[in-house]
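Student: test case, fold it:
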Amino acid sequence: MPPQPVLREVEHEITVSAPAATVYRLIAEVDNWPRIYPRIVHAEQVPEGGGRELLLIWGTTADASFEHWTALRTLDPQRLRITFRPTGFGPPLASMDGGWVVEPLSRAESRVRLLHAFSLVDDDPGEFERIDSAVDRNSRTELAELKKSVEAAYLAEEFTFSFEDTARIAGRAEDVYDFVNEAPLWAERLPGVEEVRLDEDKPGLQRLETVTRAPDGSTHRAVSHRVCLPHRGILHRQVTLPALLSLHTGSWTFETPADDTGGVVASARHTVVLNTANITAVLGPDATVADARAHVREAIGASSRAVLAQAGRYAERGRRAGPAARTPHPRSGRRT
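Tutor: Residues are numbered from 1 along each chain as shown. Below is the predicted model of the structure:
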């Protein structure tokens, strides 16, 4: 009988200035991950039964490549524990498991422990050292990011808000999706958009850079990462932020109306965190948080509504003219 692989168990921890229940919730609810992990663009939870779920995760890696990966997870909210197992790994790893443990230290402070256990196909000392070093480096980075982001999110709850603009369109969801997905054509289709660059080295994983001109004549450059899920939605995280924001994530969704009357309900949803240190510098010495909320809501909302309006016209023209009149989908990697 062959010998069992050696199981290597490692643990890292960090202290976070936030209540244990808050820390656990921010880790457990993956909708929060773009807020607490700078590299995450989007994550979804798919129930698997028996208390387990499959995580679908899209984001950038340490070498700045854009990736999609999955993991199995089990939540234990009573004990503030989460176990996980990455999927799709192969040699030299024979197994890989992990877990999060959140422990209250006081009403406003917690200890977060990150656990890993792994074994190798071949118990080679050099491979053990390499994997162990990678786990140690990644764990320290992940915990540091978690601490910084969770503390910021906890303190910035009153400066964090979401909003949504919706349009009902008499056309196909596929056409509305294509309009938003085909960003290289925005300079021709959307007023105020002067330049667009879209990099899509892997289908559906995009880096979008735009230059727009405001009514006052000023120009603004924005870079975002986007996850495109045909023809369901497009999720995005803005990488270059305006002075009034410290976070901006969002989504475009395309749904069939619940009343089954045809057409599509297209929505643009945004979550932002205000950078309160810059409010008076941007909006004037008497500006308040309420003023900043209203300004951000209108500025981002106006842009979203313009896209929805043009997407609606595009989809409705396509419906009247038929498939032959529709613009072909841009090829992966297209740049303008």
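
Student: how near is residue 140 to residue 34?
Tutor: The spacing between residue 140 and residue 34, counted by CB to CB, to the nearest Å, is 21 Å. Every residue, glycine included, has its C-beta placed from N, CA and C.

Student: can you show me the helices along the stretch 101-250 of the chain?
Tutor: Listed in chain order, the helices of the stretch 101-250 of the chain (DSSP state H, counting those that start in this stretch) span residues 125-155, 173-181, 186-189.

Student: so for the longest one, what's the average pLDDT?
Tutor: Just to be clear, that refers to helix 125-155. Confidence for helix 125-155, expressed as mean pLDDT, is 90.

Student: output the contacting helices and strands for it.
Tutor: Helix 125-155 makes packing contacts with strand 8-16, helix 20-28, helix 33-36, strand 109-120 when contacts are defined by 3 or more CB pairs under 8 Å, 6 or more residues apart in numbering; DSSP states H and E.

Student: just the CA trace of the second one, in CSV.
Tutor: Going back to what we said before, that points to helix 20-28. Taking C-alpha atoms only, helix 20-28 is exported to CSV below (Å, rounded to 0.1, in the frame of the first residue of the first chain):
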residue,chain,number,x,y,z
ALA,A,20,-16.7,40.0,14.7
ALA,A,21,-20.3,39.7,13.2
THR,A,22,-19.5,42.5,10.7
VAL,A,23,-16.2,40.9,9.7
TYR,A,24,-17.9,37.5,9.2
ARG,A,25,-20.7,39.0,7.2
LEU,A,26,-18.4,40.9,4.8
ILE,A,27,-16.5,37.7,4.1
ALA,A,28,-19.5,35.4,3.9
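
Student: quick check: angle from that helix to helix 125-155?
Tutor: 120 degrees (axes from the mean of the first three to the mean of the last three CA atoms, to 10 degrees).

Student: show me which positions of helix 20-28 end up buried.
Tutor: Buried residues in helix 20-28, counted by 16 or more other CB atoms under 10 Å: 20, 22, 23, 24, 26, 27, 28.

Student: now do the contacts for the closest residue to the fifth one other than its chain neighbours.
Tutor: Going back to what we said before, that points to residue 26. Spatial nearest neighbour of residue 26, chain neighbours left out: residue 32 (4.7 Å); criterion: CB to CB, 6 or more residues apart in numbering. Taking CB atoms under 8 Å, 6 or more residues apart in numbering, we find residue 32 in contact with 25, 26, 153.

Student: surely the second one is in contact with residue 36?
Tutor: Yes: using CB atoms under 8 Å as the test, residue 26 is close enough to residue 36 to be in contact (5.5 Å).

Student: hmm, back to that, ok, residue 140 and residue 34, which is more surrounded?
Tutor: For residue 140 versus residue 34, the count of surrounding residues by other CB atoms under 10 Å is larger for residue 34: 25 against 13.

Student: list the contacts of the more buried one.
Tutor: By CB under 8 Å, 6+ apart, the residues touching residue 34 are 40, 41, 42, 43, 237, 247, 249, 271.

Student: what number of residues lie near the fifth one?
Tutor: What that stands for is residue 237. Other residues near residue 237 come to 24 when the count uses other CB under 10 Å.

Student: that one bridge partners, please.
Tutor: Using DSSP bridges, the beta-bridge partners of residue 237 come out as residue 225, residue 249.

Student: show me the chain divided up by domain.
Tutor: Listed by automatic domain parsing, the domain ranges of the chain are 8-155, 158-325.

Student: between residue 26 and residue 36, what contacts are shared?
Tutor: Common contact partners of residue 26 and residue 36 (CB under 8 Å, 6+ apart): 150, 153.

Student: against residue 162, how distant is the closest residue to residue 283 other than its chain neighbours?
Tutor: Residue nearest to residue 283 in three dimensions, not counting chain neighbours: residue 291, with 5.6 Å by CB to CB, 6+ apart. When CB to CB is applied, the distance between residue 291 and residue 162 equals 19 Å.

Student: compare neighbour counts for those two and give me the winner.
Tutor: Neighbours of residue 291 and residue 162, each counted by other CB under 10 Å, are more numerous for residue 291; the result is 15 against 10.

Student: doesn't that one belong to a strand?
Tutor: No: Residue 291 is assigned helix when assessed by DSSP: H, G, I helix; E, B strand; the rest coil, not a strand.

Student: quick one: it and residue 282 touch, right?
Tutor: No: with contacts counted by CB under 8 Å, residue 291 stays clear of residue 282, the gap being 9.9 Å.

Student: show me what the helix or strand where residue 254 lies is packed against.
Tutor: Element membership of residue 254, judged by DSSP states H and E, is strand 245-255. Counting contacts by 3+ CB pairs under 8 Å, 6+ apart, the secondary-structure elements packed against strand 245-255 are helix 33-36, helix 173-181, strand 233-238, strand 264-274.

Student: compare these and give me the one nearest residue 298.
Tutor: Taking CB to CB as the measure, the helices and strands packed on strand 245-255 were each checked against residue 298, and strand 264-274 came out nearest at 11.9 Å.

Student: brilliant, that's me finished.
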